[in-house]
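1. one predicted model, sequence on top.
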Amino acid sequence: MMAGGNARYVRYIAIAIFTLALFYFVSNSKYDAAAIRAGITKAGGSTQTETQQPPTDGSSGDTKQPPQQKPPQQKPPVKNNKDGEISTTKKPPAGDAKEYPLALSPEDPKWDVDLVGIAPGPRMNATFVSLARNSDVWDIARSIRQVEDRFNRRYNYDWVFLNDKPFDATFKKVTSSLVSGNTYYGEIPKEHWSFPEWIDQEKAKKVREDMAERNIIYGDSISYRHMCRFESGFFFRQPLMLNYEYYWRVEPSIELYCDIHYDPFRVMAETGKKYSFVLSLYEYVETIKTLWDSTKKFMKNHPEHIAEDNSMGFLSDDNGDSYNHCHFWSNFEIGNLDWLRSKPYMDYFESLDQDGGFFYERWGDAPVHSIAAGLLLNKSEIHFFNDIAYWHVPFTHCPTGEKTRLALQCHCNPKENFDWKGYSCTSRFFDINGIAKPEGYENQQD
Ligand SMILES: Nc1nc2c(ncn2[C@@H]2O[C@H](COP(=O)(O)OP(=O)(O)OP(=O)(O)O)[C@@H](O)[C@H]2O)c(=O)[nH]1
Ligand SMILES: [Mg+2]
């Protein structure tokens, strides 16, 4: 009994020693492996762990995935450094040279593999839209490149081009090569780009001559007037536009200064917005002398169209008696086409069109859209996109707040931000909506 008991103790001790030895070797070998891997990474080579991750933004096959499919993690981690500023840690892409051969010309394999990473998530029924002449081709090309680089290369929304003349082959070739979505080209019918029969041609001519004498910008232009009327009442009714619910208007020679990280169309759809802007200002009074009188007449004739919680406070300082000339700058707009096609908007446009101010004055589509949005929509349906940094000669919207600008990799000069300067109406928009102004706005007032 005693001898059997001793043998058991010896066996227990032997097992314990063996287990300890095993644990020692295993833990030691783990330590070695970690140290070696760290050494390789520093030298710039690849490791097992890294090659299992996606090589770079939008690796091969990504472009063919439906947008709903979740793509690999694409953003490098963002972290705060010692000073609390945002910094982005960027690693060189992993993958060996054999798997990713240098592609120096379009004929080489994998030429366009790394350029486009498709954003996950749903797409809205939306399109970009540009009214342009054939001669605008290089200016619109510049705009498209900006929009694609900062946003659409990851979303691939369509682009509709409209013109009062047929687009030529160069225009189509250049623009379709730049747009990542489908491109469509529409010719505007004559009735949407001409004088309505009720316009007194003599009277209209005298106005143009008078405005030319007084050096009112575009005052003597007939085509500019057709353009303003078309943008006010017809672009959303073109057959190509009937396919869509949301639009984003893009003009030639604009700039986008920051990455757009989310889908603005989706913001519109999911938060019930119908109209949006990035810049607002006072209209040149000489061009819209009787626009408010016409608007008041419309309000009287159609009280049923005026929204209960409207933005009259943005448009008027005396509760609607007179217009303060504030408007959203319509060379940028993201909006809902169904709203523009709705009875309230159409009744407003037709009432203005009958009054003839597109030709007897020089009413712009910006005040027309703005007054319509201000009166026919509830406040909650109008959105200010602080994140979309934008320039159209001569004004800049550069997001207020350094944190935002760094995170969005903006390249605009914050000093040029127009938002809080005296001639902007954006401050008023914040006030009537009870939105707190962003930190630092006081330093950008002049
Ligand atoms: N097809 C066509 N498009 C036009 C015509 N006139 C203007 N446009 C377009 O209408 C939009 C507004 O015209 P712009 O000339 O940019 O007018 P603006 O923005 O008031 O003035 P700018 O300071 O010159 O930009 C742009 O997208 C132009 O390309 C025209 O006669 N035909
Ligand atoms: Mg323009």
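-> Structure's in. What do you need? Ligands and ions are numbered 1, 2, ... in the order given.
2. what about the residue nearest to R142 when sequence neighbours are not counted, which SS state?
-> Using Cβ to Cβ, 6 or more residues apart in numbering and skipping the chain neighbours, the partner closest in space to R142 is S253 (6.0 Å). Where C-beta positions appear, they are placed from N, C-alpha and C, glycine not excepted. Assigned by DSSP: H, G, I helix; E, B strand; the rest coil, the conformation of S253 is coil.
3. and if you look at I334?
-> strand.
4. quick one: it and ligand 2, what's the gap?
-> 17 Å (Cβ to the ion, to the nearest Å).
5. OK, contacts around that residue?
-> Under the criterion of Cβ atoms under 8 Å, 6 or more residues apart in numbering, the neighbours of I334 are 246-249, 264-265, 268, 276, 385.
6. now swap in S221 and tell me
-> For S221, the set of contacting residues under the criterion of Cβ under 8 Å, 6+ apart consists of R208.
7. N152 now?
-> With contact taken as Cβ under 8 Å, 6+ apart, N152 is in contact with 128, 179-181.
8. and it, backbone torsions?
-> For N152, the backbone dihedrals are phi -70, psi -20 (criterion: degrees, to the nearest 10).
9. just the pLDDT for it.
-> Model confidence at N152, expressed as pLDDT, equals 97.
10. what residues does this protein have near ligand 2?
-> When proximity is defined as Cβ under 5 Å from the ion, the chain approaches ligand 2 at 251, 331.
11. now the strands for the chain?
-> Along the chain, the stretches classed as strands by DSSP state E are 78-80, 86-88, 126-131, 158-163, 183-187, 246-249, 255-256, 275-277, 280-282, 326-328, 333-336, 382-384, 390-392, 395-397.
12. of all of the stretch 101-250 of the chain, which residue lies closest to ligand 2?
-> When distances are taken as Cβ to the ion, the stretch 101-250 of the chain reaches nearest to ligand 2 at D139, 8.9 Å away.
13. surely S130 meets V250?
-> Yes: S130 sits in contact with V250 when judged by Cβ atoms under 8 Å, with a separation of 5.0 Å.
14. so between those two, which is more surrounded?
-> Counted by other Cβ atoms under 10 Å, S130 and V250 do not tie: V250 has more neighbours, with 24 against 21.
15. tell me the most buried of the strands of the chain?
-> When you average the neighbours per residue for each of the strands of the chain (mean count of other Cβ atoms under 10 Å), strand 326-328 leads with a mean of 26.
16. and that strand, which strands flank it?
-> Strand 326-328 has the following sheet partners, assigned by DSSP bridges: strand 280-282 (antiparallel).
17. centre of the chain to the strand it pairs with, how far?
-> The gap between the average C-alpha position of strand 280-282 and the chain average comes to 20 Å, counting by Cα atoms, centre = their mean, to the nearest Å.
18. if I read this right, N182 contacts V160, doesn't it?
-> No: in this structure, N182 sits apart from V160 without contact. The criterion is Cβ under 8 Å, and the distance is 9.3 Å.
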